[in-house]
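Student: return a 3D structure for these sequence lines:
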Amino acid sequence: MKNEEQPRVLIIESDDAMRVMLFTILRHQPLGVDTAATAEEALAQVLECDYALIIIDMDLPGRAAETFLRDFHEQRPEATSFVIAVRDPKKKAAIDPAMVVAVLNKPIEIDTMAEVVRECAFLVPEPEEPLPCGNAPESDVRGSMNGSYLAN
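Tutor: Now for the predicted structure:
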């Protein structure tokens, strides 16, 4: 059950299996969890809802992650969101330290990530004028699965 007082987390991940795995793990934390498969979808969500934490895969196709970060900071400069970038350390993703509070290297250690996400989400100050998140889905993942996988 969704609790509006819980911090919200947005996972931006183009790989369906990884997005479902992250959603499944983080939804068991005291957090509201939303997902986006593309940078465009994520930008639409952050314009409608305040997220305490945004987890973005820096390996999105076509430098989309860098574009998302730039657009997010230009269009929501007042946002108090922490951004965690997840990257393949063998690739050269440009990560602006002014836009990202932490970088996690792949492969992700799931227990560590869940703890970092939980702790970071509760540290983020609430925005002065929070956006109503009434229209933000507690993830498209639930709707896209048959329900049997996520019923637990």
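Student: what does the longest helix that the chain contains contact?
Tutor: For the chain, the longest helix by residue count, based on DSSP state H, is helix 110-123. For helix 110-123, contacts defined as CB atoms under 8 Å, 6 or more residues apart in numbering pick out 7, 9, 22, 25-26, 29-31, 52-53, 55, 82, 84, 101-102, 104. (Each C-beta comes from the backbone N, C-alpha and C, glycine too.)
Student: what comes up buried for it?
Tutor: Across helix 110-123, burial judged by 16 or more other CB atoms under 10 Å covers 113-114, 116-118, 120-121.
Student: where does Thr24 sit: helix, strand or coil?
Tutor: State at Thr24, reduced to three classes by DSSP: H, G, I helix; E, B strand; the rest coil: helix.
Student: and the gap between it and Pro130?
Tutor: 27 Å (CB to CB, to the nearest Å).
Student: more neighbours, those two?
Tutor: Neighbours were counted for Thr24 and for Pro130 using other CB atoms under 10 Å; Thr24 has more, 16 against 10.
Student: per-residue pLDDT, the more buried one?
Tutor: pLDDT, Thr24: 90.
Student: distance of it from Arg63?
Tutor: According to CB to CB, Thr24 stands 28 Å off from Arg63.
Student: the residue nearest to Leu43 when sequence neighbours are not counted: neighbouring residues, count only.
Tutor: Closest residue in space to Leu43, ignoring its immediate chain neighbours: Asp71 at 5.6 Å, by CB to CB, 6 or more residues apart in numbering. Neighbourhood size, Asp71 [other CB under 10 Å]: 16.
Student: what separates the helix or strand in which Ile54 is found from the chain centre, distance-wise?
Tutor: Assigned by DSSP states H and E, Ile54 falls within strand 53-57. Taking CA atoms, centre = their mean, to the nearest Å, one finds strand 53-57 lying 4 Å from the centre of the chain it belongs to.
Student: now do that strand and helix 110-123, the angle between them.
Tutor: On the basis of axes from the mean of the first three to the mean of the last three CA atoms, to 10 degrees, strand 53-57 is oriented at 140 degrees to helix 110-123.
Student: could I get the CA-only coordinates of the helix or strand following strand 53-57 as PDB?
Tutor: Downstream of strand 53-57, the next assigned helix or strand under DSSP H and E is helix 64-75. The C-alpha trace of helix 64-75 is given here as PDB (Å, rounded to 0.1, in the frame of the first residue of the first chain):
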ATOM      1  CA  ALA A  64      20.300  10.100 -22.700                       C
ATOM      2  CA  ALA A  65      21.300  10.000 -19.000                       C
ATOM      3  CA  GLU A  66      23.500  13.100 -19.400                       C
ATOM      4  CA  THR A  67      20.700  14.900 -21.300                       C
ATOM      5  CA  PHE A  68      18.200  13.900 -18.500                       C
ATOM      6  CA  LEU A  69      20.500  15.300 -15.800                       C
ATOM      7  CA  ARG A  70      21.000  18.600 -17.600                       C
ATOM      8  CA  ASP A  71      17.300  19.000 -18.400                       C
ATOM      9  CA  PHE A  72      16.300  18.000 -14.900                       C
ATOM     10  CA  HIS A  73      18.600  20.600 -13.300                       C
ATOM     11  CA  GLU A  74      17.500  23.300 -15.800                       C
ATOM     12  CA  GLN A  75      13.800  22.700 -15.500                       C
END
